[in-house]
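1. below are the sequence and a predicted model; questions follow.
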Amino acid sequence: MTDSKKNLTVEALEELVSSDLARVEELLTDSVQGSDDLLDELLSHLATAGGKRMRPILTLLCAHLGSEGEPASESVINAATAVELTHLATLYHDDVMDSAPQRRGVTAVQLEWGNNRAILAGDVLFARASRLVSMLGPKAIRYHAETFERLCMGQLHETFGPKDEDPVDFYIQVLADKTGSLINAAAAFGAWMGGADDETADIVREFGDRIGVAFQIADDVIDFASDEELTGKTAGTDLVEGVATMPVLLLRKRAEQGTLDDAGKELLRDIDEADLENEETLKSVVDRLKAHEVLEETRQKAQEWANYALEAIEPLPESAVKEGLRQFASLAIDRMA
């Protein structure tokens, strides 16, 4: 495992990551342009709408596990940009599948340009991500392909749903595949391109998988408990589409165990039978879910998975980078507050 030099402060690390993130933004802007005016607007629609950039930040952070205190190399910048482009590609596709009306506070791509163009635009973004990854060598190319396969398999499994598996366990595996896989790759690319050894890369890969689950479960809380103007998402979209997220799965689990209260039974009945496309009905269901204790149980599960992520990095020597990873884990779930 790579030894830490222990001479980089957290503040200095934050400055380096911030400076390098600006370089990623420049390359990201270049990567979603370069066609013609019409296509550039389509391809840059979500990139210019903002976003947390958590995946490229993790790539830049993990690069310091091998190149502590040094500005990111061109390979690290390419890798960080590639994972964000891959993420953007999945958002174009996800919004088509979910019929989402909004993303990042702007109208969803398929409502502006239609499903076919949204899907093709997502494909173009993935192609441009792959072009950047091609500069990183065979190991990265293979891992990027494996990651995208895993991501798509997670999405497919979600559409089929569980068979004999416990629905909550099944859902967590879907989250690990759909969300954790790319965060895993972001961490791995940073470690590899920064020059860290495989043992270190394996540690942050596991961290990425687990924090991805925590992040997505936190999103399940935010979907019901947060202000739509702040999140840029319509509350209860998954309910309308019939996608059962963690709070609903916990309601169903209690129903199967015979421990669901009357308020929960009424909620499940409305989720299954009411017209959730009616705004007033949907608002009623969302408001009642906010007040039900399964939402707090969902918060606790997000915290549990963040703790699992912290356990994964325990073998790393103490350093500013390790502290940065701890802060990264906190930010993934502090959004629920």
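-> Thanks, I have the structure now. Numbers count the residues shown, from 1 in each chain.
2. and the helices in the stretch 101-250 of the chain?
-> Assigned by DSSP state H, counting those that start in this stretch, the helices in the stretch 101-250 of the chain fall at 109-113, 115-133, 138-160, 167-175, 181-194, 198-225, 228-231, 237-240, 246-257.
3. quick check: mean pLDDT across the one helix or strand Thr90 maps to?
-> Following DSSP states H and E, one finds Thr90 within helix 74-98. Mean pLDDT, helix 74-98: 92.
4. what helices or strands is it leaning on?
-> Packing partners of helix 74-98 (3 or more Cβ pairs under 8 Å, 6 or more residues apart in numbering; DSSP states H and E): helix 10-31, helix 54-63, helix 109-113, helix 115-133, helix 138-160, helix 181-194. From N, CA and C alone the C-beta is placed, and that goes for glycine too.
5. what angle do the last one and helix 167-175 make?
-> Per axes from the mean of the first three to the mean of the last three Cα atoms, to 10 degrees, the angle that helix 181-194 makes with helix 167-175 is 40 degrees.
6. other SSEs contacting helix 181-194?
-> Taking 3+ Cβ pairs under 8 Å, 6+ apart as the contact definition, the neighbouring helices and strands of helix 181-194 are helix 54-63, helix 74-98, helix 138-160, helix 198-225.
7. ok, now the longest one?
-> Other helices and strands packing on helix 138-160, by 3+ Cβ pairs under 8 Å, 6+ apart, are helix 74-98, helix 115-133, helix 167-175, helix 181-194.
8. now the first one
-> The criterion is 3+ Cβ pairs under 8 Å, 6+ apart, and the helices and strands that helix 10-31 contacts are helix 54-63, helix 74-98, helix 115-133, helix 320-334.
9. quick check: most distant residue from the centroid of the chain.
-> The outermost residue of the chain relative to its centre, with distances by Cα atoms, centre = their mean, is Asp262 at 34.2 Å.
10. and the helices and strands packed on helix 138-160: which comes nearest Asp209?
-> helix 181-194 (4.8 Å; Cβ to Cβ).
11. for the closest one, what does the pLDDT average out to?
-> Taken as a whole, helix 181-194 has an average pLDDT of 98.
12. quick one, that helix and helix 198-225 angle?
-> Computed with the same axes, to 10 degrees, the direction of helix 181-194 lies at 150 degrees from that of helix 198-225.
13. I figured Ala332 hits Ala218, correct?
-> Yes. Assessed by Cβ atoms under 8 Å, Ala332 is found in contact with Ala218 at 6.4 Å.
14. residue closest to the middle of this structure?
-> Among the residues of the chain, the smallest C-alpha distance to the mean C-alpha position (Cα atoms, centre = their mean) belongs to Thr179, namely 4.6 Å.
15. next one: it from Val321, what distance?
-> Taking Cβ to Cβ, to the nearest Å as the criterion, Thr179 is separated from Val321 by 23 Å.
16. cool, and Leu268?
-> Remark: distance between Leu268 and Val321 (Cβ to Cβ) = 45 Å.
17. those two: which has the busier surroundings?
-> Looking at Leu268 and Val321 with other Cβ atoms under 10 Å, you find the greater number of neighbours at Val321, namely 30 against 17.
18. for that one, give me its contacts.
-> Val321 makes contacts with Ser4, Leu8, Leu13, Leu61, Cys62, His64, Leu65, Glu68, as judged by Cβ atoms under 8 Å, 6 or more residues apart in numbering.
19. of the helices of the stretch 101-250 of the chain, flag the one that's most buried.
-> For those, ranked by mean neighbour count under the definition mean count of other Cβ atoms under 10 Å, the leader is helix 181-194 at a mean of 28.
20. next one: that helix to chain centre, how far?
-> In terms of Cα atoms, centre = their mean, to the nearest Å, the centre of helix 181-194 is found 14 Å from the chain centre.
21. ok, now stretch 283-299?
-> From the chain centre to the centre of stretch 283-299 is a distance of 22 Å (Cα atoms, centre = their mean).
22. follow-up on the earlier one: now the helices and strands packed on helix 138-160 in a markdown table, with distance to Pro317?
-> Output for these, formatted as a markdown table (distance: least, Cβ to Cβ, whole Å):
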| stretch | distance to Pro317 |
| --- | --- |
| helix 74-98 | 21 |
| helix 115-133 | 29 |
| helix 167-175 | 30 |
| helix 181-194 | 14 |
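23. right, and the ones you listed - which one's nearest Asp202?
-> Closest approach to Asp202 among the helices and strands packed on helix 138-160 (Cβ to Cβ): helix 181-194, 8.3 Å.
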